[in-house]
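S.K.: dropping a prediction and its sequence here:
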Amino acid sequence: MLTSSGYSQRMYKALFFVIAAGVGIGLAIPSGKRAPAPSAPAPAKQAFSSEAPHDTVLERESNGHFYVHAKVNGELVRFVVDTGATKVALTTEDARRVGIQFDPGEFQYVGEGASGPVRGKLITIRQVDVDGKTVDDVGGVILEGSQLSLLGQSYLSRMGEVQMVGDTMVLK
């Protein structure tokens, strides 16, 4: 029989396993090219309709991933869109650049990835905005050793709708 705290611990571990799996998958697939610097984003294509808000159309890159630039607390961050990640995950560099204060000494075990234990710090991101689709108070994590920031479900499930057809992803 599980107690309430035992159930919470198991749910907490499951949540971070999903985050870690998304990170592991993103890091395990080599792209063969370096990501462009955030200061030179490739703009998302926009399919405007007569209704507001508009759709944001992303094209799959040659490495199989979808990338998008988002404003995090007003600063531009390049993300891989990871529909399998539970939370928005920031690299330590991106977290510092957007003004999130942390001490790496605060990092703790947050899940299991393809290459083993994943360490980081749970955070709340004040604001994430992709092409005008703004969400406040987004659950996130700063990941130790990650080279990619991940746009996960804590944003995607609140901003509207995500559709994928072939090599196109549409954020509605």
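M.R.: Okay, I see it.
S.K.: list the buried residues for whichever strand or helix holds residue 164?
M.R.: Using DSSP states H and E, residue 164 falls within strand 162-165. By neighbour count on 16 or more other Cβ atoms under 10 Å, the buried set for strand 162-165 is residue 162. No exception for glycine: its C-beta is placed from N, CA and C like everyone else's.
S.K.: and what of stretch 138-146?
M.R.: Within stretch 138-146, the residues scored as buried using 16+ other Cβ under 10 Å are 138, 139, 140, 141, 142, 143, 144, 146.
S.K.: the nearest residue to residue 106 once chain neighbours are set aside: neighbouring residues, count only.
M.R.: Sequence neighbours aside, residue 121 is the residue nearest to residue 106 in space, at 5.2 Å (criterion: Cβ to Cβ, 6 or more residues apart in numbering). Other residues within reach of residue 121, judged by other Cβ atoms under 10 Å, total 21.
S.K.: after the helix or strand hosting residue 121, next one along is what?
M.R.: Using DSSP H and E, the secondary-structure element containing residue 121 is strand 116-130. Taking DSSP H and E as the definition, the helix or strand that follows strand 116-130 towards the C-terminus is strand 133-143.
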